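>>> all I have is the shape, not the residue letters:
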């Protein structure tokens, strides 16, 4: 079952979180937990929402104010989003490193389009003259790049 799928009605979510349904409505009004809405505006809570409600209850019992709880939840959401972004950027960096090590060749056609080619591959159509650049080679000034006619 998807952890974020909204499946619980308010009475079931309240029972799972060991709270009164009115407390869940209050937390919804305050923006601490925002359940999904089913047709007819009925609240639907996910397992993630129930976990958040339990966390709110724990923090409240430890003496943290509702405004403090809101700030804590906001910061936890920011941390989760930043961790996700770091993961995405790490994966993208690894992919770019693999691509850089694979000996890519870039070709620019007469129309100005840039195409990534595998080593030994020629751009299509064969009748166009192209400029070929290999990232691993020392780059001479642009005016000195050799023009090659693709066969």
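Received the coordinates, thanks. Being a predicted model, the structure only gives us computed values, none of them experimental.
>>> any weak-confidence spans in the protein?
Applying pLDDT under 70 to the chain flags the ranges 101-105, 109-110, 118-120, 123-151.
>>> please parse it into its domains.
10-98, 105-149 (automatic domain parsing).
>>> winner for burial among these?
The highest mean neighbour count among the domains of the chain, using mean count of other Cβ atoms under 10 Å, belongs to domain 10-98: a mean of 14. For the C-beta atoms, the positions are set from N, CA and C on the backbone; glycine is no exception.
>>> show me where the chain has strands.
Assigned by DSSP state E, the chain shows strands spanning 36-37, 43-44, 105-108, 114-117, 129-133, 147-149.
>>> now tell me what touches the second one from outside.
With contacts defined as Cβ atoms under 8 Å, 6 or more residues apart in numbering, strand 43-44 is touched by 6-10, 13, 24-25, 28, 35-38.
>>> identify the farthest-apart pair in the residues you listed.
7 and 25 (18.4 Å; Cβ to Cβ).
>>> which elements pack onto the top helix by length along the chain?
Secondary structure assigned by DSSP state H gives helix 66-101 as the longest helix of the chain. Here helix 66-101 touches helix 47-61, going by 3 or more Cβ pairs under 8 Å, 6 or more residues apart in numbering; DSSP states H and E.
>>> and the helix it packs on, what does it pack onto?
When contacts are defined as 3+ Cβ pairs under 8 Å, 6+ apart, helix 47-61 packs onto helix 10-17, helix 21-30, helix 66-101.
>>> distance of residue 49 from residue 38?
Relative to residue 38, residue 49 is positioned 14 Å away (Cβ to Cβ, to the nearest Å).
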